[in-house]
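>>> Give me the fold of what follows.
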Amino acid sequence: MNASLTIKRSLIGVAVGLLVLILATLGFAAAVESGHCRGLLLKWASERVGRPVTVAGTLHVEVFSRRPQISAEQVAIGNPPWMPPGPFAEIGKLSMLINLPGLHGHFGILALSMSSATLHLERDAAGNSNWQMTKPGAAPSQKRLQILRTLSVPGAHVLLTDERRHLRFDGTVSALDESADRPQPLKMEGSGQLNGRAMTFELTGDPLATSSHDSAYHFSFSEYSNGSKLSGRGELPRPFDFTDVDAALEADGADLKDLYYLAGVSLIHTGAYRLTGNFARRGNTFTFGDLAAASGQSDVEGRVTIESSQDGGPSLDVDLKSQLLRMPDLGARAAGRAPPIDEKTRLLLSEAALNPATLRRTDARIQYHARRLEVGRVALTELTAKGTIERGVLSIASLSAGLLDGKLSAHGKLDANSDPPIANAEIHIADAELERYPWKTSGPAPIEGLMQARISITGKGSSLHQIAASANGTVTAVVPQGAVRDSFAEMTGIDLRGARLMLAKNPRETPLRCAAAIFKEEHGTLTAQTLVADTEPVLITGDGEIHLDSESLNLKIRGQPKSLRLLRFNSPLDVGGTLAHPSIAIEAHALKVVDPGHAKDADCPALIAAAGAAGESPPAPRPTK
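Residues are numbered from 1 along each chain as shown. Predicted coordinates for the structure are as follows:
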C-alpha cells in the first residue's frame with residue numbers, strides 16, 4: 001500500500017515537473033519572440049560564436065519553428081579572446097536560418113544574409129587570426145558542422161591586416177548563392193587595394209544547396225593585380241574544412257615579384273614569366289608541387305613545402321632544379337624596374353640583397369641543381385648546392401660546379417642575427433682551363449693553362465658587393481704551367497719586338513713556366529703580395545690594389561726581358577678602370593735604345609709553395625693541351 005502510494009506520488013510529481021518545464025519553455029520562447037529576454041539571447045549567441053555580440057537595433061526571433069529564424073539590425077561582433085579587443089564585424093542588417101541539433105543534423109546556420117557589412121580581418125605575426133573559430137593550438141574539432149545552404153553578402157567592406165604576410169587590403173567583397181527553383185553556383189567577387197596596388201578576384205564554387213559532407217566541394221578562381229594573374233581549380237576534400245585543400249595553379253605576368261600581391265609569397269624580380277603547379281594543404285603543411293616557371297631563357301622546376309607553426313616562423317623544404325638559369329633574367333633590371341645604369345660605373349658584383357628579417361623568422365632546407373648557370377660571361381655547369389637556414393643563419397654546406405672545364409667548390413655562412421649580417425666563404429677552383437674563358441680579344445686566347453685558386457674571406461653585409469667591400473682574407477691563384485701569346489708577353493716590356501708582333505696580330509705562343517698571384521684583403525681592399533708570370537722571353541711582375549667598394553683597379557704590370565731588346569721603354573703598364581671595364585695605359589719613361597735583358601727565370605716551385613702557404617697547396621698540374 002505504502003509502495004503503491006509512493007509510486008503514484010512520484011508519477012504525479014514527474015507529470016507536474018514536466019508540465020512546469022513545458023510551460024516555462026513555451027513562456028521563454030514566447031518572451032524571446034515578443035522581444036523580451038534579449039540579454040539572455042545575446043549572451044547565448046556570444047557563447048556560441050566565442051566572441052562578444054551586441055545588437056543596437058531591432059532583434060526579432062521566430063522560435064516556434066523547426067528551423068528558428070533570427071533577424072537583427074546594427075549588429076556588432078568583437079574579436080575572440082586570443083586577439084586584442086576590437087571589432088570583427090559591423091553589420092547593418094543580419095538574417096539567419098538556424099538548424100537545431102537533433103532535428104535535421106548538427107547545429108549550424110542554414111541561410112545567412114548580411115547587408116551594409118564591414119569586416120575587420122586581422123592576423124598577427126604569430127599567425128593568430130580573428131577569423132579562427134577555435135583557440136590557437138587547440139586540436140581541430142571532429143564534429144561535422146551544418147553546411148550553409150544559402151548565402152547573400154552584397155558589397156561588404158573588407159579591411160584586412162595580415163602581419164604574418166605583411167598584407168593590407170581595403171576593398172569590397174560580394175558573395176551570392178541564393179538558390180531558387182534549381183541550385184545556382186556560388187559566386188564570390190571582390191576588388192580593392194592590396195598593399196597599395198589595385199587587385200580583383202572572383203571565385204565560382206559548387207552550389208551550396210547540393211553540397212555534401214560525403215563528396216568534395218569543387219571551385220575555380222582567378223585573381224589579378226599589378227599585371228599578374230593567378231588562376232586555378234581545386235577542391236575541398238571535406239566540405240567545408242579549409243585545413244584540407246587541393247588545387248592546380250597557373251600564373252603569368254610581367255614580374256614574378258608581383259605574385260606576392262596575389263599569393264602572399266615573397267619571390268624575386270624577373271622579366272615576363274609563366275608559372276604552373278599544384279597546391280595542397282594538410283593542416284599546417286602547405287606543398288607547392290610540380291612547379292614549373294620560365295622567364296626569359298631561364299627555367300626552374302621542383303617542389304616547395306612550408307610547415308607553418310604557431311610557436312615560430314615557417315619551416316621550408318625547397319628542392320628545385322633548372323636546365324638553364326641566366327642571372328640577367330633575374331632581378332629588378334630584368335623586370336625593367338631598376339634605374340638606368342651608367343656602363344662606366346656599373347658594378348660587377350651583385351648588389352641584390354637578402355632580407356635579414358626573413359632569414360631570422362624562417363627555417364629551411366634547400367637543394368638546387370642547374371645544368372647550366374650563366375653569371376656574366378662565365379657559365380657554371382652541373383651546379384649542385386645544399387644549404388639550410390636555421391635560427392637566422394644561412395649555411396651553404398656544399399656547392400659544386402664545373403667551371404671552364406675545371407671544378408669549383410664552395411661552402412660558407414651568413415649570420416643574419418647581427419646587424420649588418422656577418423658572412424664567411426671558402427671558394428676553391430681546380431684545373432680551370434683559362435683558354436676557355438670568353439676573352440674579348442679576337443684570335444687565340446692570350447693565356448692558356450690550368451688555374452688553381454682559393455678565396456677565403458669574412459665580411460659584413462646582405463649582398464655579395466657589401467660583403468666583398470668589407471671583407472678580410474686572402475685570394476690566391478696559381479697556373480703551374482701553360483702558354484701565353486708571344487705578343488702579349490713582349491708588350492708588357494713595351495719594346496720594338498712586342499709592338500711588331502701586336503701590329504702583325506701574331507698568334508704565336510710562348511711557354512708559360514708558371515704564374516702566381518697572392519692578394520691580401522683588408523677592409524675590402526685587395527693588395528698584391530705576389531704577382532708574377534714567368535714566360536720564356538719575359539719575366540712579368542706587378543703590384544697594386546683592387547678596391548672592392550668601388551671595384552676600381554690600381555695595378556702596375558712590368559715586363560723584364562731575358563735577352564737583348566732594342567728600343568725598349570722602361571715603363572710599366574697601368575691597369576685601371578673597374579672590374580667590369582678595365583683599362584690599360586702606358587707610363588712613358590726613359591727610352592732604352594739597347595736593353596741587354598738580364599731578367600732571370602722565376603723560382604716556380606717557391607712561387608707555388610708561397611701560394612700554398614697563403615692559401616692551400618694546389619693540385620699537381622695536368623699536362624696542357
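>>> Following the helix or strand where residue 74 lies in sequence, what is the next regular element?
Element membership of residue 74, judged by DSSP states H and E, is strand 69-78. The first helix or strand that comes after strand 69-78 along the chain, using DSSP H and E, is strand 87-99.
>>> So which bits of the strand holding residue 74 are buried?
For strand 69-78, a neighbour-count test (16 or more other C-beta atoms under 10 Å) marks 70, 71, 72, 73, 74, 75, 77, 78 as buried. All C-beta spots, glycine's among them, are computed from the backbone N, C-alpha and C.
>>> Then stretch 262-279?
Applying 16+ other C-beta under 10 Å to stretch 262-279 flags 262, 263, 269, 270, 271, 272, 273, 275, 276, 277, 278, 279 as buried.
>>> So which of the residues you listed are in helices?
Within these, membership in helices is found for 262, 263, as judged by DSSP state H.
>>> coming back round to it: ok, so of the buried residues of strand 69-78, who is nearest residue 232?
Nearest to residue 232 among the buried residues of strand 69-78, counting by C-beta to C-beta, is residue 77 at 31.4 Å.
>>> what sits against the closest one?
Contacts for residue 77 (C-beta atoms under 8 Å, 6 or more residues apart in numbering) come out as 49, 51, 52, 53, 87, 88, 89, 90, 91.
>>> Which two of these have the greatest separation?
Spatially, the most separated pair among these is 49 and 90, at 14.8 Å (C-beta to C-beta).
>>> Tell me which residue lies nearest the centroid of the chain.
Among the residues of the chain, the one closest to the centroid is residue 267, at 4.2 Å (C-alpha atoms, centre = their mean).
>>> Residue 611 looks like it's in a helix, true?
Yes. Counting by DSSP: H, G, I helix; E, B strand; the rest coil, residue 611 is part of a helix.
>>> Confirm for me that it is in contact with residue 516.
Yes. Residue 611 lies in contact with residue 516 (C-beta atoms under 8 Å); the separation is 5.0 Å.
>>> Common neighbours of the two, please.
In contact with both residue 611 and residue 516: 476, 477, 478, 530, using C-beta under 8 Å, 6+ apart.
>>> Other residues contacting the helix or strand hosting the third one?
What it means is residue 478. Counting by DSSP H and E, the element that carries residue 478 is strand 472-479. Here strand 472-479 makes contact (C-beta under 8 Å, 6+ apart) with 429, 434, 447, 449-459, 512, 514-523, 526, 533, 607-608, 611, 614-615, 618.
>>> what angle separates the lengthiest strand in the chain from strand 87-99?
Of all the segments of type strand in the chain, defined by DSSP state E, the longest one is strand 108-123. Interaxial angle of strand 108-123 relative to strand 87-99 (axes from the mean of the first three to the mean of the last three C-alpha atoms, to 10 degrees): 170 degrees.
>>> Now do the buried residues in strand 108-123.
For strand 108-123, using 16+ other C-beta under 10 Å, the buried residues are 108, 109, 110, 111, 112, 113, 114, 117, 119, 120, 122, 123.
>>> Could I get the contacting residues of the fourth one?
So the one you mean is residue 111. Applying C-beta under 8 Å, 6+ apart, the residues contacting residue 111 are 95, 96, 97, 148, 149, 150, 151.
>>> let's see it at 6 Å
Applying C-beta atoms under 6 Å, 6 or more residues apart in numbering, we find residue 111 in contact with 97, 150.
>>> For the stretch 251-400 of the chain, which residues score under the pLDDT cut-off?
264, 310-313, 342-345 (pLDDT under 70).
>>> gap between the residue nearest to residue 273 when sequence neighbours are not counted and residue 578?
Nearest non-adjacent residue to residue 273, counting by C-beta to C-beta, 6 or more residues apart in numbering: residue 295, 4.1 Å away. Using C-beta to C-beta, to the nearest Å, residue 295 is found at 28 Å from residue 578.
>>> Which one's more surrounded, those two?
In terms of neighbours (other C-beta atoms under 10 Å), residue 295 is the more surrounded of residue 295 and residue 578; the figures are 23 against 18.
>>> who's that one bridged to?
Bridge pairing for residue 295 (DSSP bridges) gives the partners residue 273, residue 298.
>>> neighbour-wise, which of the shared contacts of residue 611 and residue 516 leads?
residue 478 (26 neighbours).
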